[in-house]
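> turn this into a structure:
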Amino acid sequence: MNALFLKSFTAFVFGCILFLLISFTIYRKSYFYQKARAKAQGEEEPSKKSLLVTLFIMALMVLSLGGFNLWVLAGGERSILYLFLLNLGLITSLSLFDALVIDILLLLVWRPSILNLPAGQPTREYMKRHIQIQFTKGWIFKLPMALIGAVIGLLLNRFLFVS
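A predicted model of the protein is given here:
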């Protein structure tokens, strides 16, 4: 089987696991989660500390993309455009996993008690809006993350494997 396909599939599986872990642990402290919760409960805006949690999550994702790119580069040289497009494919597939499995299946349909979700929250309307934003305005975050991940992968490859 194609080595790139296997690496991409492995990265996807690990990304799904990472998304699940983040979604039900530290994501609840993030700015976007806290903002949505505050709005639903009529409370004040989230603290600035929640922005740091959000930045940490984004940094973790970008570094994961950089590590994935370094792994891909072990098979030879690739252009930044190649890695950028590869990252976009991985990010898009992980966004689909997030929307279909986490947002719809786990949060709306199954709602396992271990998640301690408030009654009636999230609503179908809220999740529909959330998913629409994820695949529209979300590209404002996804495109730079894909590019920065590609740059990190290339830089790590050059610094670690200099001949």
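> how about the helices in the protein?
With DSSP state H, the ranges of helices along the chain come out as 3-23, 31-41, 49-73, 80-97, 124-134, 139-160.
> distance check, the spatially closest residue to residue 102 that is not a sequence neighbour against residue 29.
Of all residues not flanking residue 102 in the chain, residue 23 sits nearest, at 5.4 Å (Cβ to Cβ, 6 or more residues apart in numbering). In this view, the C-beta of every residue, glycine as well, is placed from N, C-alpha and C. According to Cβ to Cβ, to the nearest Å, residue 23 and residue 29 sit 12 Å apart.
> who has more neighbours, these two?
Neighbours per residue, other Cβ atoms under 10 Å: of residue 23 and residue 29, the larger number sits with residue 23, 20 against 17.
> quick revisit: let's have the helices of the chain in CSV, adding distance to residue 109 and mean pLDDT.
What follows is these, written out as CSV (distance: least, Cβ to Cβ, whole Å; pLDDT from 0 to 100):
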stretch, distance to residue 109, mean pLDDT
helix 3-23, 15, 95
helix 31-41, 19, 84
helix 49-73, 25, 95
helix 80-97, 15, 98
helix 124-134, 10, 94
helix 139-160, 26, 95
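> out of those, flag the one nearest residue 105.
When the helices of the chain are compared by Cβ to Cβ, helix 80-97 sits nearest residue 105, at 10.1 Å.
> so that closest one versus helix 139-160, what angle?
Here helix 80-97 points in a direction 130 degrees away from that of helix 139-160 (axes from the mean of the first three to the mean of the last three Cα atoms, to 10 degrees).
> I appreciate the help and will end here.
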